[in-house]
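**Student:** Here is the input, now give the coordinates:
(one chain, ligands or ions: 1)
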Amino acid sequence: MSKTIGIINGSLRKNSFSGSIADYVKNNAPEGYAFKIIDIGKLPLYNQDYDGEDLNEYTVFRNEVKNLDAVLFITPEHNRSIPAALKNALDIGSRPYGENVWSGKPGAVISQSPGGIGGFGANHHLRQVLAFLNVLTLAQPEAYIGSFHTLIDENGEINNEGTKEFLNGFLAAFAAWIEKLS
Ligand code: FNR
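**Tutor:** Below is the predicted model of the structure:
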C-alpha cells in the first residue's frame, strides 16, 4: 500500500507559484507514494477558546493531518517569515495541549520566491516551528527556489529542466528519509 504525503501550501493565491511546485510534485511522486493536498485556506483563525469545543473545521483538519504518513510544506515568504495562514494551520494542529497532530511526522520544506534568496527566511522560520512541534524535518537537501517566475511557462507549469531534476532528487531524498524513520 502506498504512503500518503500531505502537501501544505503556504499560499492561498489562485495560480500560486507554490501551487505550481505542488502540481509538479503530485505528478512526480516517488514509487510507493501518493501526495494529497491539505487545504488550509478555510480554517478559522486559531482561538484557544475553541479547544474545548468540537469546531468542525479544526477537527476535520486535525484528522486529515493525523492520517498522513508525512508532510511536505511548500511556501512563499511573507515579510521574511511564513504566511499567516500557514502559521494558523500549524497552531491549530498543535492543540489542544497534549494532542499535537504534527508530532513524530516526517516532514520537508520547500520555499520559493521571485527573489534571489528563494524564501530562505520563511524556510528557516518554518523549520524553527517544526522543530518545536516535533516534526522530523529533512535537513538535506535544502530547497530554496529563487527567481521562480523564470522557471514556469504561461500556464504556471515548471518548464526548467534543472528545477525538475532538483525536485526529483529532493523527493527521492524525502522518500528515503521517510523510509529511514519508518
Ligand atoms: C511577499 N513576497 C516576498 N518575497 C520574498 O522573497 N520575501 C518577502 O519577504 C516577501 N514578502 C511578501 C509579503 C507579502 C504580504 C506578499 C503578498 C508577498 C513575494 C512573494 O513571496 C512571492 O510573490 C511568492 O513567490 C508568491 O508565491 P505564491 O503565493 O505565488 O505561492
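
**Student:** Check which helices and strands the top helix by length along the chain is in contact with.
**Tutor:** Ordering each helix of the chain by length in residues (DSSP state H) puts helix 161-181 first. Helix 161-181 sits against strand 3-9, helix 17-27, strand 70-75, strand 106-112, with contacts defined as 3 or more Cβ pairs under 8 Å, 6 or more residues apart in numbering; DSSP states H and E. Just so you know, the C-beta spots here come from the backbone N, C-alpha and C atoms, and that holds for glycine as well.

**Student:** Rounded mean pLDDT for that helix, please.
**Tutor:** Mean pLDDT, computed over helix 161-181, is 98.

**Student:** Tell me if that helix is near the ligand.
**Tutor:** No: Helix 161-181 is not in contact with the ligand by Cβ under 6 Å from any ligand atom; minimum separation 13.9 Å.

**Student:** Could you list the buried residues of that helix?
**Tutor:** Using 16 or more other Cβ atoms under 10 Å as the test for burial, helix 161-181 gives Thr163, Leu167, Phe170, Leu171, Ala173, Phe174, Ala175, Trp177, Ile178.

**Student:** Pick the one among those closest to the ligand.
**Tutor:** Distance to the ligand, by Cβ to the nearest ligand atom, is smallest for Thr163 among the buried residues of helix 161-181, at 13.9 Å.

**Student:** Tell me the residues of this structure that contact the ligand?
**Tutor:** 11, 13, 16-18, 76-80, 112-115, 119, 148.

**Student:** If you rank these by neighbours, which is first?
**Tutor:** The most crowded member of the residues of the chain next to the ligand, judged by other Cβ atoms under 10 Å, is Gly119 (32 neighbours).

**Student:** so it touches Gln112, yeah?
**Tutor:** Yes: here Gly119 reaches Gln112: they are 5.7 Å apart, a contact under Cβ atoms under 8 Å.

**Student:** Give the residues shared as contacts by those two.
**Tutor:** Thr75, Pro76, Tyr144, Ile145 (Cβ atoms under 8 Å, 6 or more residues apart in numbering).

**Student:** which element is Val129 on?
**Tutor:** Counting by DSSP states H and E, the element that carries Val129 is helix 120-132.

**Student:** so how far is that helix from its chain's centroid?
**Tutor:** Computed by Cα atoms, centre = their mean, to the nearest Å, the chain-centroid distance of helix 120-132 equals 11 Å.

**Student:** In this structure Phe73 contacts Ser11, no?
**Tutor:** No: the criterion here is Cβ under 8 Å, and Phe73 misses it with Ser11 at 11.2 Å.
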